[in-house]
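Asker: Please find the sequence and the predicted model below.
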Amino acid sequence: MEEFVEGLKEAFEKVLCEFTGDCYVCYAKRGNRWYVIGASEGSIAYAKVAPYEDLPPIQNCEGLLAYPKGLFAFAKDQRELAKKVIEKVEKLG
């Protein structure tokens, strides 16, 4: 997921990511707001993004995926996924 993380770093002031065993969980800052992004890839790359303040403590991607708030993004590759996540963040404000 290196290309995905690099794509995020181009659009956010700060990006911190860690592999949790089932996916990458990233915390990304834009302006005064932090976002939580869970991302993984198999035959397709996918991610879910939500404002940090809307979420209870998240330990892994399952928690983020199950939480009812946030937006999903799907793509063919990591770079495209990063672009789509950035679009979702713009919709979230």
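Answerer: Received, thanks. Residues are numbered from 1 along each chain as shown.
Asker: okay, CA-based contacts and neighbour counts for the rest of this
Answerer: Fine.
Asker: which element is the residue nearest the centre of the chain on?
Answerer: Centroid check for the chain by CA atoms, centre = their mean gives I37 as the closest residue, at 2.1 Å. For I37, the enclosing helix or strand under DSSP states H and E is strand 33-41.
Asker: Direction included, what does whichever helix or strand comes after that strand pair against?
Answerer: Sequence-wise, the next helix or strand downstream of strand 33-41 (DSSP H and E) is strand 45-51. Strand 45-51 has the following sheet partners, assigned by DSSP bridges: strand 33-41 (antiparallel), strand 71-75 (antiparallel).
Asker: Quick one: mean pLDDT over strand 45-51.
Answerer: Averaged across strand 45-51, the pLDDT comes to 95.
Asker: gap between it and the chain center?
Answerer: Between the centre of strand 45-51 and the centre of its chain there are 4 Å (CA atoms, centre = their mean, to the nearest Å).
Asker: helices or strands up against the host helix or strand of V25?
Answerer: In this structure, V25 sits in strand 24-30 according to DSSP H and E. In terms of contacts (3 or more CA pairs under 8 Å, 6 or more residues apart in numbering; DSSP states H and E), strand 24-30 is packed against strand 14-19, strand 33-41.
Asker: now the angle from the longest one to strand 24-30?
Answerer: With axes from the mean of the first three to the mean of the last three CA atoms, to 10 degrees applied, the angle from strand 33-41 to strand 24-30 works out at 150 degrees.
Asker: who's in contact with strand 33-41?
Answerer: Judged by CA atoms under 8 Å, 6 or more residues apart in numbering, the contacts made with strand 33-41 from elsewhere in the structure are 1, 22-29, 45-53, 61, 64-65, 89.
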